[in-house]
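A.B. asks: Give me the fold of what follows.
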Amino acid sequence: MDSTDQNNSPMVIITRAGSRIGAQTTINFLRNNTTVLATGSNLTRLQQAVNRLPQKNNFIALASDQLVEHLEASESPLAAIIFNIGHTNQTHMESAFDRWTQLQRDLVSDLPLFHQIRHILRKHKARVIHVASIDDVQCELPTQVALVAIKTAVNMLTAEVAIIEPRITSLAVHPSFAALGRMLKQDRSEEEEEEASDLKPAGDLIVDLALTADRSMSGKYFMYSEPSTQIH
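C.D. replies: The predicted model follows:
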């Protein structure tokens, strides 16, 4: 795993890259010959999958505090940053209020990173994509509560970026109702199944938006069908 860009292909940043959606998005970008700067914990399984790809040298794992130095030293264009917003806190907390407070903190934990690199995003007219990463939610709160909080955070962060940085294209990506039904183990209606069949999987949709979305789309949200079931 090299610490410098291997070529001048477009770059993207992916947070929580070890999550299921983050990992599949990473693989899709690499297959598209896009350099991926990945942050987050538990990247071992993702690294193993990346090592099987011919584009493996385009994958660079960095700590968040290393990103600025790397971006400023790079000559490659920055196409987008993908914030995978989810919740996997497994620390036991007695109080429901404490669990809710921790959830809220986790959902905005990427904001400092955005403000740290916003001048770089502005320079490259990069896209900011907030993804409701619901595929690996783990917490002591009811699943419905966590999912609503995640979707709300995605909408609020997308709107905030669209307002304060008009030169940056800010987008929200949500699961379809069918995907939510899967998470909640609910039966899905024929309408929801039909809706999902017309949508792209999360990884495919995110790659398309990150590389092609224009500013007229800023502030809007898009829906994916299902996250991929495995990293391959």
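
A.B. asks: Helices of the protein, start to end?
C.D. replies: 20-31, 44-50, 67-73, 96-107, 111-124, 143-164, 177-183, 190-197, 202-212 (DSSP state H).

A.B. asks: Would you mind finding the most buried of those?
C.D. replies: Of all these, helix 20-31 has the most neighbours on average by mean count of other Cβ atoms under 10 Å, namely a mean of 25. C-beta here means a position set from N, CA and C on the backbone, and glycine is covered the same way.

A.B. asks: now the angle from it to helix 202-212?
C.D. replies: Angle of helix 20-31 versus helix 202-212, following axes from the mean of the first three to the mean of the last three Cα atoms, to 10 degrees, is 50 degrees.

A.B. asks: hang on, the earlier thing: and of the helices of the chain, who's closest to residue 81?
C.D. replies: Of all the helices of the chain, helix 111-124 sits nearest to residue 81, with 6.7 Å by Cβ to Cβ.

A.B. asks: who does that closest one touch, helix- and strand-wise?
C.D. replies: helix 67-73, strand 78-85 (3 or more Cβ pairs under 8 Å, 6 or more residues apart in numbering; DSSP states H and E).

A.B. asks: could I get these as TSV with distance to residue 209 and mean pLDDT?
C.D. replies: As requested, the helices and strands packed on helix 111-124 are exported to TSV (distance: least, Cβ to Cβ, whole Å; pLDDT from 0 to 100):
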stretch	distance to residue 209	mean pLDDT
helix 67-73	20	92
strand 78-85	8	95
